[in-house]
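> My questions concern the predicted model and sequence given below.
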Amino acid sequence: MGQKRARDPKAQVTEANKRKKAVKSDAASSDDHGPVGVENLNWKEVAMPDRMEDAEGFFGLEEIEGVDIIKQSDGGVHFKAKSGKPTQSIIKPPSEDDGEEWGGFSDEDSSKKSPATEKTPAATEVKEDKKSKKDKKKEQNKAKKEEQKSKEQKPKEQKAKESKPAQNQNIKAGLSFAALDDVEEDDGVDVSAWDGLNLSPETFTALSKMKFSSPSAIQKASIPAILDGHDVVGKASTGSGKTLAFGIPIIEHYLDKRGKQEEQSDKSEKNKTPIALILSPTRELAHQLGKHIGELIANSPDTNARIALVTGGMSIQKQQRQLATADIVVGTPGRVWEILSTGTGLIRKMQKIQFLVVDEADRLLSEGHFKEMEDILNALDKHQAGDIADADQEEEEEAPSHRQTLVFSATFHKDLQQKLAGKSRWSSGDMLDNKASMEYLLKKLNFREEKPRYIDVNPESQMAIGLKEGIVECPAMEKDLYLYSVLLYYPKNRTLVFTNSISAVRRITQLLQALQLPVFALHSNMAQKARLRSIERFSSPTANPSSILVATDVAARGLDIKGINCVIHYHVPRTADAYVHRSGRTARAGESGKSILICAPDEVVGVARLAGKIHAKKAKKADGADGPSKKVPLESLDIDRRVVSRLRPRMALAKRITDSTIAKEKVNTEDNWLRAAADDLGVEYDSDEFDQSKGRGRGRGGGRERRDKEASETSKSEMAGLRAELKQHLSQRVNIGVSEKYLTAGRIDIDALLRGEGNDAFLGHLDPLTF
Ligand SMILES: Nc1ncnc2c1ncn2[C@@H]1O[C@H](COP(=O)(O)OP(=O)(O)OP(=O)(O)O)[C@@H](O)[C@H]1O
C-alpha cells in the first residue's frame, strides 16, 4: 500500500513540477543555450491570502521577473531574458492544451480509472476482531514508517521536489493557502509522544511539520476510542485541540479507505461519497475547522482529501460542485440543509458518511438550529432516501446507524451532560419546550452504540490553565472610558472585545476608530466577506500587534486566532457558558491570556454568581468545603484614577464625534425610508412636518430622539473642530503627574523614555495592573 501511495502523486501536478524543473535549468542556462518557450520561463508561484479561497474559479497565480517582451512585425511576440538572448516563443491564443494548470475541484481524470465498486464503511467494521485489526495496522505502520524513514534520508533536493505535489493538491482542495508554504521536511519536531495512538506515517509527518510534539489530553483520550469505532462525546477546555481530536481519526479513516480502494483499483470520482459531515454553529467556525483539518491534509504527504465548506453567505452553486467530490463536508446546519434539500441525490451520498461530528454541541442542539438539525438528522437516517421529495413521502424508518457520532464542546450543561453520558434516561413527552427539543435531537443523533464513550478531560475546570480572570468596576455610564483605559494599559496586546448587541459593536468600533486605535468589527449583520475580512485583518501575522476586534457572541465560540492576549467583556455575558467560550479565545494551546470583565455596580452580584458557578468545583476542591466557595477567582483590577481623569476629555470628544456620525447615518436612513414610503403612497414628503408631528408624541424614547436630532445637526465645521481638538489630544502622551517643564526632576526614567521602553501612551510612572 505504501508503494502505491508513493506512486499516487497527481500526474497533473507532477507534470507542472517537471515543467518547473525544466524551466529552472532552461532559465539558468538561457544565456548559453538560446531561447526558452513561454511555458519554460522561470515562473514563480505567488502565495495567496487565505480569503482568495473564495474567489470563484481562481486557482492560483504565478509571476515572472527579468523578461523583456519584443513585438514582431507579424504580430507575434518574442521573449528575451533581460541579460540574455531573445527567445523564440510566440504567445498563442489559449487552447485546450493550455488548460493544464486548471484543475478546479474535479481535476482528476476519472475516465482513466476503473469503475467504482463502492464499499460502504459499515457497522460490521466495528465488530471486526479489534485485536487482529490492530496487529495488522501496527505491522502496516511499521513497514510504512520504515519506508518513510528511507524517504526522509533522500537528498534534500529530491525531498523538496516531492513536497511540491502535496502543496498543489491542497490548492485543489480549496483550503488554507497559509499552510501551503514550503515546509522544509527536516524542520519538523520529534513526535514520538504520539506513538501509542496507532497513527499512520502520513499523520506522523504532518504532526511533525505542524510542530505538534505531543497530543493534548483530549486528543490522547479520544483518538484511540474513535479509531476503535466508538461514538465519542468529548469535553475539554477551550483551545485544547478538540478539532484534531476528531480531525485526525477522520483523516486516518480516509487513508485507510483510500488504501482499500487502491487495492481494488476503485478511484472513481463519480461514485465518491464523503466520509464525514462536520456541523458547526457559525460560519467563521466552519471555515476555521475546514482550514485546520486542511492544514493537517496539506502537511500529510500524498494525502489529497478534499474538504467542502458549506456555509451561508457564499455561492451555493460552487458549494454544490465541491460537495459532489468532497471527502469531508464542513458546514453550518442552515446551508447544509439548503443544499441537501435541493434533491440532487446528495442525501443518498451523505447517508454513507462514516462520521457525523457535532462541534459546539450544546449550541447546535439548542435553540436556533433546531429545525435544520432535525431535518439533517432525519435525512441521514431515512431508508432508501434519494432526494428530498422521496424523503418527505417516505415513512420514517429508524435503523441502527452505521456511522460514528462524535459530539464535542467545552461546555455541556448538566442535563445534556448526564444524558450524553448515559446517566439519565431520555424522557418522551412534550417536544415543544427547549429542553425537550434538545432531548429529541439527542435521540435523533442515533448513536451506533447504546452508550457513547464519554470523555471529560477537565471535570474540575472549564477554563484554560493559562487564563487569568479580572474584573474592573466602574460607573455604569463610564464603561467606554474604562474600556479605553484598559486598552491603553495593555498597548501591545491583541484584544477581543465582546458586547451583547450589534449596535454596541458598531458604536464602540467607531468610538475606538475616532481614538485612532486599530479596530475592526464583527457581527452577524455584516456581509460574509466583510466578516471574514475583519477576522483576517485582525489575525494576520503582519497586523498591528495592538489590533482590536469588537464582536458580538458570533465570535465567542471556537474561533482560534493566534496571539489574542486579552479578552474584554464590555457587556457582562448572559450565561456562564458564554463567559467560558468568550474567555476561551485567549490562553489557547497552552499559552497564557487575560479575560477582563468591565462591570457596572449593579452587575457585580450577577458576575460573582456567574464566576462562582464556573469555578464551583475547583473552589470546592481547594476549600475542601461543600457548596460553592465564596472566594471568586476574579482579580479586582484598580485603574489609576489619574489615568481615568486624564482620558476623560479625549473620550468626551470621541463620543461627540461618534454620536453625531451615527445620528447622521440614522437620520439619513430614516429620511430615505420615509421618502421612499411617501413615493410609494404618492404623497409629498415634508421632513419638518414629520418632525413636528413626531415631537407631539410623548413617552419613552423622546429624550433619545431629541439627543439624536441634536447630534445629527452638528455642522461640518463643528465636526472638523472636534476632530482637530481630538487629534491634538491624541498627539500627546497622557501625562500622569509629571512636570513637562522639568522632565529630569527625578519622577521619570529619562533613559527608558529615550530608549522607547515602557508604555508609550503615558508620560510618567504607571503601576501596571496586577496581572
Ligand atoms: N497537539 C497539539 N499541540 C500543540 N498545539 C495544538 C495541538 N493540537 C491542536 N493545537 C493547536 O491548539 C489550538 C486550539 O485548537 P482547537 O481550535 O482545536 O481548540 P478547541 O479545543 O476546539 O477550542 P474551542 O473549544 O475554543 O473550540 C489550535 O491553534 C491548534 O493548532
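Sure, I can see it.

> Next to the ligand, which bits of the protein? Give me the list.
By Cβ under 6 Å from any ligand atom, the residues of the chain that approach the ligand are 212, 215-216, 219, 236, 238-244, 410, 558, 560, 584, 588-589. Heads up, the C-betas are built off the backbone N, CA and C, glycines and all.

> just the buried members of these?
In the residues of the chain next to the ligand, burial by neighbour count holds for 212, 215-216, 219, 236, 238-244, 410, 558, 560, 584, 588, counting by 16 or more other Cβ atoms under 10 Å.

> Out of those residues, which sit inside helices?
Among those, the members falling in helices (DSSP state H) are 219, 242, 243, 244.

> Could you dump these into TSV with pLDDT added?
Putting these into TSV (pLDDT from 0 to 100) gives the following:
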residue	pLDDT
219	97
242	96
243	97
244	98
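
> okay if I get these as a markdown table plus distance to residue 715?
Output for those, formatted as a markdown table (distance: Cβ to Cβ, whole Å):
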| residue | distance to residue 715 |
| --- | --- |
| 219 | 61 |
| 242 | 55 |
| 243 | 53 |
| 244 | 57 |
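
> so which two of those residues are the farthest from each other?
Within these, two members stand farthest from each other by Cβ to Cβ: 219 and 243, at 9.6 Å.

> Let's see which of the residues of the chain next to the ligand end up in strands.
Among those, DSSP state E puts none in strands.

> For the stretch 501-650 of the chain, just list every one of the strands.
Here the stretch 501-650 of the chain has its strands, by DSSP state E, counting those that start in this stretch, at 519-522, 548-551, 564-569, 593-599, 635-636.

> residues contacting the closest residue to the ligand within the stretch 501-650 of the chain?
Relative to the ligand, the nearest point of the stretch 501-650 of the chain is residue 589 (3.3 Å; Cβ to the nearest ligand atom). Going by Cβ atoms under 8 Å, 6 or more residues apart in numbering, residue 589 touches 216, 239, 240, 241.

> biggest separation within those, which pair?
Farthest pair in those, by Cβ to Cβ: 216 and 239, 9.3 Å.

> In the stretch 351-500 of the chain, mark out all the helices, start to finish.
Ranges of helices in the stretch 351-500 of the chain, per DSSP state H, counting those that start in this stretch, are 361-364, 370-381, 388-393, 414-420, 434-444, 479-489.

> Least confident of those helices, on average?
Lowest mean pLDDT of the helices of the stretch 351-500 of the chain: helix 388-393, a mean of 47.

> For residue 218, which non-adjacent residue is closest in space?
Closest residue to residue 218 apart from its sequence neighbours, by Cβ to Cβ, 6 or more residues apart in numbering: residue 236 at 3.6 Å.

> One more: residue 412?
residue 362 (5.3 Å).

> what sits against that neighbour?
409, 411, 412, 413, 416, 577.

> For the ligand, give me its nearest residue in the stretch 301-450 of the chain.
residue 410 (4.1 Å).

> and that residue, what does it touch?
The contact partners of residue 410, taken as Cβ under 8 Å, 6+ apart, are 235, 236, 237, 238, 240, 242, 462, 580, 581, 584.

> Contacts only, for the fourth one.
Contact partners of residue 238, counting by Cβ under 8 Å, 6+ apart, are 410, 462, 463, 464, 580, 581, 583, 584, 585, 588.

> Can I take it that residue 765 is in a helix?
No. According to DSSP: H, G, I helix; E, B strand; the rest coil, residue 765 belongs to no helix; its state is coil.

> For stretch 598-606, could you pull out the residues that count as buried?
When neighbours are counted by 16+ other Cβ under 10 Å, the buried residues of stretch 598-606 are found to be 598, 599, 600, 603, 604.

> Dump stretch 640-650 to PDB, keeping only the CA atoms.
Extracted C-alpha coordinates of stretch 640-650, given in PDB (Å, rounded to 0.1, in the frame of the first residue of the first chain):
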ATOM      1  CA  ASP A 640      -5.400  54.500  38.300                       C
ATOM      2  CA  ARG A 641      -7.800  57.400  38.900                       C
ATOM      3  CA  ARG A 642      -5.400  59.900  37.300                       C
ATOM      4  CA  VAL A 643      -5.500  57.800  34.100                       C
ATOM      5  CA  VAL A 644      -9.300  57.900  34.000                       C
ATOM      6  CA  SER A 645      -9.500  61.600  34.600                       C
ATOM      7  CA  ARG A 646      -6.800  62.500  32.100                       C
ATOM      8  CA  LEU A 647      -8.500  60.400  29.400                       C
ATOM      9  CA  ARG A 648     -11.900  61.900  30.000                       C
ATOM     10  CA  PRO A 649     -11.500  64.900  27.700                       C
ATOM     11  CA  ARG A 650     -10.400  62.700  24.800                       C
END
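
> got a list of contacts for it?
For stretch 640-650, the external contacting residues (Cβ under 8 Å, 6+ apart) are 478, 481-482, 484-485, 488-489, 515, 726, 729-730, 734-737, 762, 766-767.

> Buried ones from these, can you make that a PyMOL selection?
Here is the PyMOL command that selects the buried residues among the contacts of stretch 640-650 (16+ other Cβ under 10 Å):
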select buried, resi 478+481+482+484+485+488+489+515+726+729+730+734+736+762+766
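
> Might you report the residue contacts of residue 714?
656, 660, 664, 722.

> Among these, name the ones in helices.
If you go by DSSP H, these have 656, 660, 664, 722 in helices.

> Which pair in those has the greatest spatial separation?
664 and 722 (13.3 Å).

> These two - which one has more neighbours?
Neighbours per residue (other Cβ atoms under 10 Å) separate residue 664 from residue 722, with residue 722 holding more: 19 against 16.

> Now do the contacts for the more buried one.
Applying Cβ under 8 Å, 6+ apart, we find residue 722 in contact with 653, 656, 657, 714.

> Roughly how far does it sit from the ligand?
Distance, residue 722 to the ligand, using Cβ to the nearest ligand atom, to the nearest Å: 41 Å.

> And that residue, what's its pLDDT?
94.

> wait, residue 273 sits on residue 353?
Yes. Counting by Cβ atoms under 8 Å, residue 353 is a contact partner of residue 273 at 7.3 Å.

> Comparing those two, which shows the higher neighbour count?
More neighbours surround residue 353 than the other of residue 273 and residue 353, with 22 against 18 (other Cβ under 10 Å).

> pretty sure the more buried one contacts residue 405?
No. Using Cβ under 8 Å, residue 353 is not in contact with residue 405; the gap is 10.3 Å.

> tally of neighbours for residue 217?
When counting by other Cβ under 10 Å, one arrives at 15 neighbours for residue 217.

> nearest residue to it other than its sequence neighbours?
Leaving aside its chain neighbours, residue 217 sits nearest to residue 457 (4.1 Å; criterion: Cβ to Cβ, 6+ apart).

> Any idea how many residues pack against residue 526?
Per other Cβ under 10 Å, the neighbour tally for residue 526 reads 18.

> For it, list the residues it contacts.
Applying Cβ under 8 Å, 6+ apart to residue 526 gives the contacts residue 534.

> Okay, it and residue 658: tell me how far apart.
Distance of residue 526 to residue 658, given as Cβ to Cβ, to the nearest Å: 18 Å.

> about what we covered before: nearest residue to the residue of the stretch 301-450 of the chain closest to the ligand in space, please, no chain neighbours.
residue 238 (4.7 Å).

> Who are the contact partners of residue 214?
With contact set as Cβ under 8 Å, 6+ apart, residue 214 has these partners: 191, 193, 194.

> again, only this time at 10 Å
Applying Cβ atoms under 10 Å, 6 or more residues apart in numbering to residue 214 gives the contacts 189, 190, 191, 192, 193, 194, 207, 220.
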